[in-house]
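J.: pasting the structure only:
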């Protein structure tokens, strides 16, 4: 189309409906900030689910967090903070028209994003292997080749000639700082003579119980020492996978955005010092970082 | 003595960027270390406070809000304000939820 235009030969980076490059830049930035505000609210729904459920059932979160590896979470935090630094530096490089440096900084940020996802993969696969998954798929089990300890549980028998009977053998496996305990099929060795009902003892329960009187009430449960799995532990893993999964998708989105930046760079978009695109991707990436800072605290560091 | 682009946009200095990164790394170390002390209900608030300081550092310097038009900061902060309202009201409702309304009922 060779239509004549009144201001043909204008700056190709300036859209017609903007008065100046500065106005265009500010408009793009405001749009980006509005988008980032919706991103915060996007995660907000999950944060409310987290807050309400943790408020009601803190023991579920203390139990579940034991299965997360704090050092891997901390490693990912360091990786993301470093990538935030490299992308902030990339904005500076774009502003100063240091194109070669800009290219390497974008690549460095992308490598950090891949490193983050790799660590996440290691974490997810450990949970996958042991059935520590969301709602319906939650089915914790021991990997029989890796289980490190087998403990027999003994029960005392008060009648009969022998004293004890082995009733259960448990396999225990460490995942993160938590343990999965699973009873395994085992030959039940009975040392006891066959149980014979005591002929002198009635099998009929007493009709009524006396008042409790001044008996000591049961000791309160120490929330830090939860010996058994609380009911609904699966809810923790549902929330964990939803929050980190949504965040992981945002990291993937960041990688796509940085590939796009590299394409723009090859095309020479940034040669004239037009850094708007780099700036917008950087803003997005910083929000991904900020959200992870909170997720790390809320999911990994509950002990 | 600060640098600016032709449009008059502030350019963050290398010293500042490196300094902020070190501060953020230190904050991460601090967050993890604090969890080794059992301070009861205080733990989560200390953790949230450190995380918020880190988020503010990222926002002000890495995201240039310090030199930006205040309206952009207003947009971003308003998202957090509405989030606080959302969480606050949900928590209020949860806190007032009673499992037992009439003591002793239902008879079991």
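T.: All right, it came through fine. Predicted model, so just to flag it, every value in this text is computed and none were measured.

J.: quick one: residue A:138 and residue A:241, what's the gap?
T.: 10 Å (C-beta to C-beta, to the nearest Å). Every C-beta, even on glycine, is put in place using the N, C-alpha and C of the backbone.

J.: Please apply the same query to residue A:284.
T.: 23 Å.

J.: With residue A:133 instead?
T.: When C-beta to C-beta is the yardstick, residue A:133 and residue A:241 sit 7 Å from each other.

J.: Next: residue A:62.
T.: Following C-beta to C-beta, the distance that separates residue A:62 from residue A:241 is 18 Å.

J.: Ok, residue A:41 next?
T.: Separation of residue A:41 from residue A:241 (C-beta to C-beta) stands at 20 Å.

J.: who's more crowded, these two?
T.: Between residue A:41 and residue A:241, residue A:241 has the larger neighbour count (other C-beta atoms under 10 Å in any protein chain shown), namely 18 against 14.

J.: Let's verify that one: helix, strand, or coil?
T.: Following DSSP: H, G, I helix; E, B strand; the rest coil, the label given to residue A:241 is helix.

J.: mind listing what it touches?
T.: When contacts are counted by C-beta atoms under 8 Å, 6 or more residues apart in numbering or on different chains, residue A:241 is found next to A:133-134.

J.: rerun that using 7 Å as the cut-off
T.: When contacts are counted by C-beta atoms under 7 Å, 6 or more residues apart in numbering or on different chains, residue A:241 is found next to residue A:134.

J.: Against residue B:80, how distant is the residue minimising distance to the centre of chain B?
T.: With distances taken as C-alpha atoms, centre = their mean, the residue of chain B nearest its centroid is residue B:52 (2.8 Å). Taking C-beta to C-beta as the measure, residue B:52 and residue B:80 are separated by 9 Å.

J.: mind checking pLDDT for residue A:132?
T.: The pLDDT attached to residue A:132 in the predicted structure is 83.

J.: can you count the residues close to it?
T.: Each residue near residue A:132 was counted by other C-beta under 10 Å, and the total is 27.

J.: wait, doesn't it sit right on residue A:238?
T.: No - distance between residue A:132 and residue A:238: 11.0 Å, which falls outside the contact criterion (C-beta atoms under 7 Å).

J.: Does chain A have contacts with the helix ranked longest in chain B?
T.: Using DSSP state H, we find that the single longest helix of chain B is helix B:70-95. Yes - in terms of C-beta under 7 Å from any C-beta of the partner chain, part of helix B:70-95 sits within range of chain A, namely B:72, B:75-76, B:78-80, B:82-83, B:86-87, B:90-91, B:94.

J.: Buried among those residues? Need that as a selection in ChimeraX.
T.: The following ChimeraX selection, which keeps only the buried ones among these, applies the criterion 16 or more other C-beta atoms under 10 Å in any protein chain shown:
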select /B:72,75,76,79,80,83,86,87,90
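
J.: is it possible to export the residues of helix B:70-95 next to chain A to TSV including pLDDT?
T.: Formatted as TSV, the residues of helix B:70-95 next to chain A follow (pLDDT from 0 to 100):
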residue	pLDDT
B:72	95
B:75	96
B:76	95
B:78	96
B:79	96
B:80	95
B:82	96
B:83	95
B:86	95
B:87	94
B:90	92
B:91	90
B:94	82
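
J.: got the contact list for the nearest residue to residue B:3 once chain neighbours are set aside?
T.: Counting by C-beta to C-beta, 6 or more residues apart in numbering or on different chains, residue B:3 lies nearest to residue B:11, which is 4.1 Å off, once chain neighbours are set aside. Residue B:11 makes contacts with A:92, A:95-96, B:3-5, as judged by C-beta under 7 Å, 6+ apart.

J.: One more pass at 8 Å, please.
T.: The contact partners of residue B:11, taken as C-beta under 8 Å, 6+ apart, are A:92, A:95-96, B:2-5.

J.: Please identify which of the residues you listed is nearest to residue A:293.
T.: In terms of C-beta to C-beta, no member of those lies closer to residue A:293 than residue A:92, at 22.2 Å.

J.: Do you know the pLDDT at the closest one?
T.: 95.

J.: element containing it, please.
T.: Assigning secondary structure by DSSP states H and E places residue A:92 in helix A:70-95.

J.: where in the stretch 101-250 of chain A is pLDDT low?
T.: Applying pLDDT under 70 to the stretch 101-250 of chain A flags the ranges A:144-169, A:183-228.

J.: Quick one: the strands in it, in order.
T.: Counting by DSSP state E, counting those that start in this stretch, residue ranges of the strands within the stretch 101-250 of chain A are A:149-156, A:164-175, A:178-184.

J.: and what of chain B?
T.: Assigned by DSSP state E, chain B shows strands spanning B:3-4, B:10-11.

J.: ok now the last one, how far from the chain's centre?
T.: By that I understand strand B:10-11. On the basis of C-alpha atoms, centre = their mean, to the nearest Å, strand B:10-11 is displaced by 25 Å from the centre of the chain it belongs to.

J.: Sheet-wise, list the partners of that strand with their directions.
T.: Each strand paired with strand B:10-11, and its direction, by DSSP bridges: strand B:3-4 (antiparallel).

J.: Walk me through the domains of chain B.
T.: Structural domains of chain B, as assigned by automatic domain parsing, span the residue ranges B:1-66, B:69-97.

J.: and the ones you listed as TSV, adding distance to residue A:280?
T.: Conversion of the domains of chain B to TSV gives the following (distance: least, C-beta to C-beta, whole Å):
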stretch	distance to residue A:280
domain B:1-66	11
domain B:69-97	12
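
J.: so of those domains, which one's packed in deepest?
T.: With neighbours taken as mean count of other C-beta atoms under 10 Å in any protein chain shown, the domains of chain B reach their highest mean count in domain B:1-66, at a mean of 15.

J.: element containing residue A:293, please.
T.: helix A:276-295.
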